[in-house]
Structures are given as structure tokens and as C-alpha cells.
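A.B. asks: Fold the following for me, if possible:
(chains A and B)
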Amino acid sequence: MIEFKGVIKSYAPNKTTVVHALNGIDLSIKEGEVVVLRGASGSGKSSILSLIAALSKPTSGEVIVDTKKISKLSDNFASLYRRDNIGFIFQKYNLIPNLSVRDNILLPLVPLNLNAKEAQAKLQSVMEMFEIGHKADTIVKNLSGGEQQRVAIARANVNNPKIILADEPTANLDEKLSLGFIEILKELKSLKKTIVIATHDPLFFGLDFVDREIEIHNGSIVR
Amino acid sequence: MILSPEVLTLFILNALFAFFALIAFVLSVKIFLKWDTNATDQTQYQLEKQSFLSATIIKYIFIIKVPLFLFFIFTMDKISGILPGAMCAAGVVDATAYGVYLILLKILNLYIFAYWLVLHNEDMKHETQPYTKMKFGLFIVAFFLLMSEIVLEWVMFSAIDIQKVVDCCGVIYSSTTSSYISMLFRIQTPLLLAAFYGNFALIVLFYFLRKKEIFALFNATFIIISLITLISFFGTYIYELPTHRCPFCFLQKEYHYVGYVLYIFLFIGTFYGLVTGFVKASKSDVYRSYKVSMLFTFLYVVLLSIYPLFYYIKNGVWL
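C.D. replies: As a prediction, the model looks like this:
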């Protein structure tokens, strides 16, 4: 389903410095698989996620998702691909703090031009699934970290994407909330979602529902 | 040299165009030579980023150039007030040897630039961007035309001598003078009208038959025929003067700026007519081009036809 072919990703923060985030990665992730990308900060985990989400392009090499060469997509088509296929859970949630839970979750539906009834049905479904229906009208900035995480997960799933990407999803959560998040991931796996998690949180290591753990070090897969 | 605020504005904008177009030109040459849509190497990814930058520059130059053409005509019309003998932009065009060529080049560029925009929009609709090489190749040609236009515009405004008496449109477009343009005005009115309405009828016919190449061809001939007819026949009814033939006077306030409306209708109508034949687009896009072309050409013909009809109703005679 997701394939990396000789992917190199370099960043040039200024004219004299080049940072090699990924050094010729070859990787294949099957449909419905749950993969944990392990590694220290700066090892290249987030670069892999942003390439799968077509948020950035490789320096060279190819990223293919469902036979579509997403690394070759123009910005317009990359946006459409993301809209239809990707649910992204960010470390800092990236919610809009002054909007309500309902409005935050509805945001990814705006470009779809759904009628109110369809949008409401999708909203209701994810709010029930992630148990935040009772907070629908609460302004997001007034929620706790765990609740904000649930809103972020609901938002990532409202379009029913095939792929869920999570970048350090438990970095701002305590252990109890982190375990709750892991339970949610289990549920998502049962819905046949392909899930890729970039983390260095040991809670994710050795979990029974995780199909594979990939260790990244200095932009290369070491295990 | 005339340095009115309008001319200065044109010069400043031309300088900006030249600067940005040069950047886009360098990138376009690289893209045209090295673009390989299947490649996944560093060069190709860089070219993809550069193509976005280059296309954005070109798009904005061209988008600004369309209203700027009208501003150029407005400028020519305005500075006619300080040229002895000139009554409208025609006198300014005729004041130097470059004016006519500049106008023709500007019209040609307008069609080429608009075509580039259509090609670019079509290219962006496909994941594989099939027209990228072609559109940047076209820009390489367009760049030289744009630069020629900028240089010619500079040369023309520099060559205008405000001490020298110039001809007015009444002389330039008179059928009694011996210029090539004047020869066109000696064509018999029935023949001219037959060509004009005949060409329009053929456009309508091939609109309904949906023969896009022939539709485009008759739009191309319509540009020339309609301009001659406008100046030679319909213009006299706009001015309500049987001997006054000028493609610029009706751009003035006393004729309610109708010239701008006419030229915009003619440009949009014929441009989209040409697009149907020259761009490989989806059926729905071709259908839209057909409709836009037909609508504007129809409006152009109706607007022109109203003038002689109203004149006849009002006065009971033809000019």
C-alpha cells in the first residue's frame, strides 16, 4: 500500500548547511498494517510521515501509495490525495483553539461541499466513536490535553481516511491518557486502517496489535 | 520623449515585467531542456518546484498584461491631446514608424499569453502535467515577443516628437489616401457586410455542428474581417459620420467608451473560439469554450448591428 523507493530527503536551512533527514530509504507498508517508527528526535521519523502525507517531496526517490506516485503530485493533487486518504494526528494537536469541538472536527469536511445532513452524520459518528459528543459545543482551548487529543483523533477520522499518521501522539499526555490513546489505535486497527506512528515513547514498543516496529537512526532504517 | 504619468507607469511596469520575465525565462529554458515527468531524481524534483515558481510569475505577468493593454490604448488616446494634429490614439500610432507594429505585436502577444494561460490551466488539471514542456517552450517564444514589445514601446515613446504635426485619424484611415490600410476601406460595403455576416453565420453553423477545428478557423478569419468591417462600416454609424473611419475614436468618453466593450467582446469571443481548436481539453471544457466564444461573438455582432439599425430608425436613411 505504502512504498518508499530509494527516498532521500535533505533540508537546506541555509546556503552552507545541508541536513540529510533520510538517506535512501526503502520501505513497504501493507494495507491495514500498524507500524511504529522508533528513533530519537531528528532521526527522520517525521520526514517519513510528511512524505506519506504528501506534505513534502523527497529530494530524490519515490513514494507510492496505492499505485499512485504521490511524490510526483502537484500541490493541487497532493491536497486532494490528503483530503481523501490521510488522517494526521499531530504532536501538538494543531486544533484551532477558539473554535468549538464541533467546528474543529467539521473543518476537513468543508472542501467536500457536503450537505448539512451528511456532515452532521459524519460528525455524530466520530464524536460517538471517540466519546466527545458531550463536549461538542465546548471551545477547544478550554479542554484538557487528553480531550484535545480525542478531538484531534476525531478530526483525523471524520473523512474516514484509509491511512492514519500520528506524529509523537502521546508527547503531551500522561501515562493514563497515553494508554487511552493506544486503546483508540486498537479500535482504528479493527476498522482496517493503515496506521503509522512516529514515536520514541516506550509505551508503544512491544504492543500486541502493532505489526511492525521500524527503528530509524540518522535517516536510515537500522532494524 | 513623452513622459506623462501614464507613460511612466507603462515604463515602470515594463521594467518589472522584464525583470520577472527574465527569471521565468531562465527557469523555463531549464525546464524545457531537462523536464522528464517520470524521473525521480533531484534535478526533476527541483524542476517541479521551479516550474511552480516560473508558472506563477508568468501567470501574473499575463494576468496584468490584459488590462494593461487597455491602459496602453487609454494612454495613447490621452497623449493625443498634446500632439499637434492628433485627435485620438490613431495620431499617436501614426506619429512614429513603430506605432502600427507595436499595436500588432501587442495584439499578437495578447492572444499568445491568453493561450499560455489556457494551456497552463489545462496542464494543472492533470496529475501527469502533460503540457509542462509545451507551455514553457511556448513561454520561451513569448519571452522574446514580450521583450520585443517592451523595447518597441520604449523606442516608440522615445521617438515621438511633440513639435511635429501628425496626421489625424480622418487622414490616416481615409479611403482617398494611398496607404495599404486605405485600400481595405475601398472594399464595397455589400461585399464587406456579406463577408462579416457570412463569417458569423459559419461560426454559428459550426458551433451547432461542433466541428471545433473549423469553428476555430472561422474565428481566426473573423478577427480580421470584423476589424475591417468595424472600422470601415460600423464605425461610421457609431460616429454618425459617413467619412469618419477610426479604430480609436470610439474609445473616447463622447462615444461612451463603447470601443473598449467591442474590443473585449471580440477578443474573448475569438480567443475562446481559437481555444476550441488548439487545446486538447476534456469535452466539458471544450463545450464551455464553445459557449463562451459564441456568447461574446454574438454580443459583439448584436452590439455592432444595433448602431446602423438605430441610425436608420432614427433618420430613415443609411449612411
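
A.B. asks: Quick check: phi and psi on residue B:259?
C.D. replies: As for residue B:259, its main-chain torsions (degrees, to the nearest 10) stand at phi -60, psi -40.

A.B. asks: do you know how far residue A:65 is from residue A:3?
C.D. replies: 8 Å (Cβ to Cβ, to the nearest Å). Glycine gets a C-beta too; all of them are placed from N, C-alpha and C.

A.B. asks: gap between the helix or strand that residue B:121 is a member of and the chain center?
C.D. replies: Per DSSP states H and E: residue B:121 is located in helix B:99-124. Distance of helix B:99-124 from the chain centroid (Cα atoms, centre = their mean, to the nearest Å) equals 8 Å.

A.B. asks: Quick one: mean pLDDT over that helix.
C.D. replies: Averaged across helix B:99-124, pLDDT comes to 90.

A.B. asks: Over to stretch A:101-109?
C.D. replies: 93.

A.B. asks: List of residues touching it?
C.D. replies: A:83, A:95-96, A:99, A:119, A:122-123, A:126-127, A:132, A:135-138, A:140, A:143, A:151, A:154-155, A:158-159 (Cβ atoms under 8 Å, 6 or more residues apart in numbering or on different chains).

A.B. asks: Now, the residues you listed that are in helices?
C.D. replies: Using DSSP state H, the subset of the contacts of stretch A:101-109 located in helices is A:83, A:119, A:122, A:123, A:126, A:127, A:151, A:154, A:155.

A.B. asks: Quick check: the farthest pair among these?
C.D. replies: A:83 and A:127 (20.2 Å; Cβ to Cβ).

A.B. asks: between residue A:65 and residue A:3, who's got more neighbours?
C.D. replies: Legend: neighbour count by other Cβ atoms under 10 Å in any protein chain shown for residue A:65 and residue A:3, higher for residue A:65 (23 against 16).

A.B. asks: Residue 75 - how many residues pack around it?
C.D. replies: I went with chain A, as the question did not name one. Neighbours of residue A:75 using other Cβ under 10 Å come to 12.

A.B. asks: Please refer instead to chain B.
C.D. replies: Counted with other Cβ under 10 Å, residue B:75 comes out at 21.

A.B. asks: That one: what secondary structure?
C.D. replies: helix (DSSP: H, G, I helix; E, B strand; the rest coil).

A.B. asks: Excluding sequence neighbours, find me the nearest residue to it.
C.D. replies: Nearest residue to residue B:75 in three dimensions, chain neighbours excluded: residue B:6, at 3.9 Å (Cβ to Cβ, 6 or more residues apart in numbering or on different chains).

A.B. asks: right, and the secondary structure at the one you found would be what?
C.D. replies: helix.

A.B. asks: ok, which stretches of chain A are helices?
C.D. replies: With DSSP H as the criterion, chain A has helices spanning A:45-52, A:75-85, A:101-106, A:116-129, A:145-157, A:175-190.

A.B. asks: how far out from the middle of the chain is the fifth one?
C.D. replies: Averaging C-alpha coordinates over helix A:145-157 and over its chain gives two centres that are 12 Å apart (Cα atoms, centre = their mean).

A.B. asks: Average pLDDT for it, rounded please.
C.D. replies: Helix A:145-157 shows a mean pLDDT of 89.

A.B. asks: can you check the fourth one too?
C.D. replies: Over the span of helix A:116-129, the pLDDT mean works out to 90.

A.B. asks: Residue B:71 falls within a helix, correct?
C.D. replies: Yes. Under three-state DSSP, residue B:71 sits within a helix.

A.B. asks: do you know how far it is from residue B:317?
C.D. replies: Distance from residue B:71 to residue B:317, by Cβ to Cβ: 38 Å.

A.B. asks: tell me the centre residue of the chain?
C.D. replies: Chain wasn't specified; assuming chain A. Centroid-nearest residue in chain A, with Cα atoms, centre = their mean: residue A:165, separated by 2.0 Å.

A.B. asks: Oops, wrong one, chain B.
C.D. replies: Centroid-nearest residue in chain B: residue B:107, 3.4 Å away (criterion: Cα atoms, centre = their mean).

A.B. asks: Around chain A, which positions in chain B sit nearby?
C.D. replies: B:37, B:40, B:41, B:42, B:45, B:48, B:49, B:52, B:124, B:127, B:129 (Cβ under 8 Å from any Cβ of the partner chain).

A.B. asks: What about these, which are in helices?
C.D. replies: Per DSSP H, the residues of chain B next to chain A map to helices at B:42, B:45, B:48, B:49, B:52, B:124.

A.B. asks: got the contact list for the closest residue to the third one other than its chain neighbours?
C.D. replies: Counting by Cβ to Cβ, 6+ apart, residue A:57 is the residue found nearest to residue B:48 once chain neighbours are left out, at 7.2 Å. Contact analysis of residue A:57 by Cβ under 8 Å, 6+ apart lists A:51, A:71, B:45, B:48, B:49.

A.B. asks: Select only the buried ones of the residues you listed in ChimeraX?
C.D. replies: Here is the ChimeraX selection string for the buried members of these, based on 16 or more other Cβ atoms under 10 Å in any protein chain shown:
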select /A:51,71 /B:45,48
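
A.B. asks: got the contacts of residue A:57 as CSV, with distance to residue B:19 and pLDDT columns?
C.D. replies: Formatted as CSV, those follow (distance: Cβ to Cβ, whole Å; pLDDT from 0 to 100):
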residue, distance to residue B:19, pLDDT
A:51, 35, 95
A:71, 33, 93
B:45, 27, 93
B:48, 24, 93
B:49, 20, 92
